[in-house]
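Participant: build me a structure from this.
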Amino acid sequence: MNYLAHLLLSGPDPDWQLGGLLGDFVKGPLKGERPQAIEDGIRLHRRIDLLSDQHPAYIAALTRLGPQWRRLGGIALDIWFDHLLAIRWQTWHPQPLETFVDQCWSNFRTRRQWIPENARAFIQRAEQFKLLPGYREVAVIQRTLERVGTRLRRPQPLADMLPLLQADKEALEQDFQTLFTDLSQQAVRFRQQQ
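Facilitator: Down below sits the predicted model:
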């Protein structure tokens, strides 16, 4: 899953949402350096990534991309799944997407002391360029794939996968619906147990 999915799966608590975002920026063991709810959000992020990678619907979606993309396909798939979430946002959340995202960024500003510098830079760019609502647009997904591909240790043409993602859109959307439904239920259970 990618940024938008993690924010949504984190539930309504702003600390959990921040943790859900920080899961991509905070590495290693959690040592109580942040408020408990933020670290719980990071733990949930890690749990979601683990569940997602092992889920039959995710594996089926990855297989659709073909063996040549086996190693890097997951990166593109996570970004594409944020696209599918954005275009069907009202299915998953009652607030408009822009309102949800703006509220997240506003809440995160009051928690700035817990945000590492690399995450602050991402949040600033994402807010400035309205990145997450922009995920509805295929052109934004293409640019995101291009940017992510250039930032890999060995740059890769991730945007070359876009035609494959578009060609299998209906099947991938079904995979996403199955996966996200299961992950939503797992996330609720995880949050209730903390």
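Participant: quick check: Trp105 touching Gln128?
Facilitator: No - between Trp105 and Gln128 there is no contact, the gap being 9.9 Å when judged by Cβ atoms under 8 Å. Every residue, glycine included, has its C-beta placed from N, CA and C.
Participant: which one's more surrounded, the two?
Facilitator: For Trp105 versus Gln128, neighbours defined as other Cβ atoms under 10 Å are more numerous around Trp105 (14 against 9).
Participant: how close does the more buried one sit to Arg143?
Facilitator: From Trp105 across to Arg143, the span is 20 Å (Cβ to Cβ, to the nearest Å).
Participant: OK, contacts around Asp15?
Facilitator: Shown in contact with Asp15 (Cβ atoms under 8 Å, 6 or more residues apart in numbering): 35, 37-38, 40-41, 111.
Participant: hmm, 7 Å instead?
Facilitator: If a contact means Cβ atoms under 7 Å, 6 or more residues apart in numbering, then Asp15 has 35, 37-38, 41 as its contacts.
Participant: other SSEs contacting whichever strand or helix holds Leu77?
Facilitator: Leu77 belongs to helix 73-87 when elements are defined using DSSP states H and E. For helix 73-87, the contact count by 3 or more Cβ pairs under 7 Å, 6 or more residues apart in numbering; DSSP states H and E identifies helix 3-9, helix 56-64, helix 138-151, helix 169-193 as packing neighbours.
Participant: deepest-packed of the ones you listed, please.
Facilitator: With neighbours taken as mean count of other Cβ atoms under 10 Å, the helices and strands packed on helix 73-87 reach their highest mean count in helix 3-9, at a mean of 25.
Participant: could you check the angle helix 169-193 makes with whatever helix or strand comes next after it?
Facilitator: Going down the chain from helix 3-9, the next helix or strand is helix 14-22, by DSSP H and E. Using axes from the mean of the first three to the mean of the last three Cα atoms, to 10 degrees, one finds that helix 14-22 and helix 169-193 are set 130 degrees apart in direction.
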